[in-house]
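Novice: Let's see this in three dimensions:
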Amino acid sequence: MTALPPPSAVRLGLVIDLDTCVGCQACVISCKGWNTENYGAPLSDQDPYGAAPAGTFLNRVHSYEVQPPAAPAQIVHFPKSCLHCADAPCVTVCPTGASYKRAEDGIVLVNEDACIGCGLCAWACPYGAREMDAAAQVMKKCTLCVDRIYNAHLPEEDRVPACVRTCPSGARHFGDLGDPDSAVSRLVEARGGFDLMPEQATRPTNKYLPPRLRDHVEAPSVLAPYLTPVADTPKGFLGWLDRALGALPGGAE
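Specialist: Okay, the predicted model is just below:
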């Protein structure tokens, strides 16, 4: 089995704001694109245009309708990928050392050359954040775009994970969560950021910011202006027509 390195001072990770995520899937597509078309190992698809398409993704967004107490129901979009846990069970269960945690920044990666596709890491991960690539028969997972964040050939603004760079609503943030004075750590402190499933004792690096409760506002009916009479007595052509029809035998008095 694989041993975890000593705790690192630097803990790179994501902070995801569930209040501003709109579920647009831009992070999913950018992640798939970067890891298929650029430096990362390709993520395969099976029958993508057929009746039962399937494929490998490192990031997925799930949407849920939730009912807070004494508040209106609301939709919460929940992005999920590897959380780069401090006590990563996917690493310690790996029989070949293919799954490992970097000592310098806490990122959890997979050495695909050493992966035998046994799937033990997927069983050990309580978050379902690993996927077996059906074509390569090796395990795939979020790398925090390690090939972007340290790439000196990219402009500085692009040295963040592809999902962060792409998010149109600013719901995804990247930084050092081991530094209490970093922008992401201050954001977690200010918004009450939380760990996903803390009872699993994996100490995930990634944090989530809770959604705010929505105010209940009665939406006006779009038909209301057309259902209210504009006048008690019809005027103009409609008034003449009403009077003419009323004068006919059997017409309205």
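Novice: which helices and strands sit right next to the helix or strand residue 241 falls within?
Specialist: Residue 241 belongs to helix 236-247 when assigned by DSSP states H and E. Contact partners of helix 236-247 among helices and strands, from 3 or more CB pairs under 8 Å, 6 or more residues apart in numbering; DSSP states H and E: none. Every C-beta, even on glycine, is put in place using the N, C-alpha and C of the backbone.
Novice: what's the offset of it from the middle of its chain?
Specialist: Offset of helix 236-247 from its chain centre (CA atoms, centre = their mean, to the nearest Å): 61 Å.
Novice: Alpha carbons only: can I get that helix in CSV?
Specialist: The C-alpha trace of helix 236-247 is given here as CSV (Å, rounded to 0.1, in the frame of the first residue of the first chain):
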residue,chain,number,x,y,z
GLY,A,236,-64.9,52.9,-29.6
PHE,A,237,-65.6,50.2,-32.0
LEU,A,238,-66.0,47.6,-29.3
GLY,A,239,-68.6,49.8,-27.6
TRP,A,240,-70.5,50.3,-30.9
LEU,A,241,-70.4,46.6,-31.6
ASP,A,242,-71.7,45.8,-28.0
ARG,A,243,-74.6,48.2,-28.5
ALA,A,244,-75.4,46.9,-31.9
LEU,A,245,-75.5,43.3,-30.8
GLY,A,246,-77.6,44.3,-27.8
ALA,A,247,-80.2,45.9,-30.1
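Novice: Kindly provide the whole-number mean pLDDT of it.
Specialist: Average pLDDT, helix 236-247: 74.
Novice: Ok, stretch 180-200 next?
Specialist: pLDDT averaged over stretch 180-200 gives 97.
Novice: try stretch 110-123
Specialist: Rounded mean pLDDT across stretch 110-123 is 96.
Novice: how about that stretch: buried residues?
Specialist: Of all the residues in stretch 110-123, those buried under the rule 16 or more other CB atoms under 10 Å are 110, 115, 120-122.
Novice: which two in those are spaced the farthest apart?
Specialist: Farthest pair in the buried residues of stretch 110-123 (CB to CB) is 110 and 120. Separation: 12.2 Å.
Novice: which residues of this protein fall in helices?
Specialist: Under the criterion DSSP state H, the chain contains helices at 26-37, 89-92, 120-124, 146-149, 162-166, 183-191, 224-227, 236-247.
Novice: Next, the contact list for the closest residue to residue 74 other than its chain neighbours, please.
Specialist: Distance criterion CB to CB, 6 or more residues apart in numbering; nearest residue to residue 74, sequence neighbours excluded, is residue 214 at 5.1 Å. The contact partners of residue 214, taken as CB atoms under 8 Å, 6 or more residues apart in numbering, are 71-72, 74.
Novice: ok, now which ones touch the residue nearest to residue 43 when sequence neighbours are not counted?
Specialist: The shortest distance from residue 43 to any non-neighbouring residue, by CB to CB, 6+ apart, is to residue 56 (4.4 Å). Residue 56 is in contact with 43-45, 131-134, 140, counting by CB under 8 Å, 6+ apart.
Novice: Likewise for residue 111?
Specialist: Contact analysis of residue 111 by CB under 8 Å, 6+ apart lists 97-100.
Novice: what would the helices of the chain look like in JSON lines with distance to residue 63?
Specialist: What follows is the helices of the chain, written out as JSON lines (distance: least, CB to CB, whole Å):
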{"stretch": "helix 26-37", "distance to residue 63": "12"}
{"stretch": "helix 89-92", "distance to residue 63": "26"}
{"stretch": "helix 120-124", "distance to residue 63": "23"}
{"stretch": "helix 146-149", "distance to residue 63": "27"}
{"stretch": "helix 162-166", "distance to residue 63": "17"}
{"stretch": "helix 183-191", "distance to residue 63": "21"}
{"stretch": "helix 224-227", "distance to residue 63": "31"}
{"stretch": "helix 236-247", "distance to residue 63": "48"}
